[in-house]
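In: requesting a structural model of the entry that follows:
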Amino acid sequence: MKEEIRQKFSMSLYHGARIILGIVFIYSSYDKILHPAAFTKIIYNYQILPDELVNLSAIFLPWLELTIGSLLITGVWLPGSVFISNILLIIFFCALMYNKARGLDISCGCFSTSEGEAPESTLYLSRDFTFVVIAVYLFFKVFITNSAGIKSPSRRIP
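Out: Here you go, the predicted structure:
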């Protein structure tokens, strides 16, 4: 009985984390898709990418976020979407930390492309760190413990 409750809680936590992260990715893509020029300016302000890659990133990244979010919510191609979401969130978090270390307090562009006053970057860091923790949890559930109910391609299904 205790083991069954633990398994139900574990699966609920797993599905909740997957859906929350999917919603975060979809929500973060919305404003960027609607305002690519404003998002281009935000990416440029980070001063990390070469100028040649800024426009391409501003167009490609929001659609990738929308796709990853949709896949996380639906559970389709889960290993790939979990892997890519981890990579993206770690890159985003590192970019924020890098700019914080350089003393730049720019708008992160995570959920909005509006040019309002940039909130405290420490808030961005703690919020994005939480997203990274959720993504790493999903990574371990899918790839390490394989307790997410995902069938491995090498196993035969009876």
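In: and Ser107, which of the three is it?
Out: Put simply, Ser107 is coil when judged by DSSP: H, G, I helix; E, B strand; the rest coil.
In: the helix or strand Phe92 falls within - contacts with which helices or strands?
Out: Using DSSP states H and E, Phe92 sits within helix 78-101. The contact analysis (3 or more C-beta pairs under 8 Å, 6 or more residues apart in numbering; DSSP states H and E) places helix 78-101 against helix 2-34, helix 51-74, helix 121-139. The way it works is simple: take the backbone N, C-alpha and C, and place the C-beta from them, glycine included.
In: for the record, mean pLDDT for the last one?
Out: Per-residue pLDDT values over helix 121-139 give a mean of 91.
In: quick check: buried residues in that helix?
Out: 121, 124, 127-128, 131-132, 134-135, 137-138 (16 or more other C-beta atoms under 10 Å).
In: how far is it from where the chain is centred?
Out: Helix 121-139 sits 9 Å away from the centroid of its parent chain (C-alpha atoms, centre = their mean, to the nearest Å).
In: so what touches it?
Out: When contacts are defined by C-beta atoms under 8 Å, 6 or more residues apart in numbering, helix 121-139 is touched by residues 14, 17-18, 20-21, 24, 82-83, 85-86, 89-90, 92-93, 96-97, 99-100, 105, 108, 110, 148.
In: just the second one next, same as before
Out: Counting by C-beta under 8 Å, 6+ apart, the neighbours of helix 51-74 from elsewhere in the structure are 18-19, 21-30, 32-33, 36-37, 39-40, 43-44, 49, 77-78, 80-82, 84-85, 88.
In: low-confidence regions, the chain specifically.
Out: 115-121, 146-158 (pLDDT under 70).
In: 50 - rerun?
Out: Counting by pLDDT under 50, the ranges of the chain that qualify are 151-158.
In: on that earlier part again, just the buried residues out of the contacts of helix 121-139, in ChimeraX syntax.
Out: Selecting only the buried entries of those in ChimeraX, with 16+ other C-beta under 10 Å as the criterion:
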select :14,17,18,20,21,24,82,83,85,86,89,92,93,96,99,100,108,110,148
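In: perfect, that will be all.
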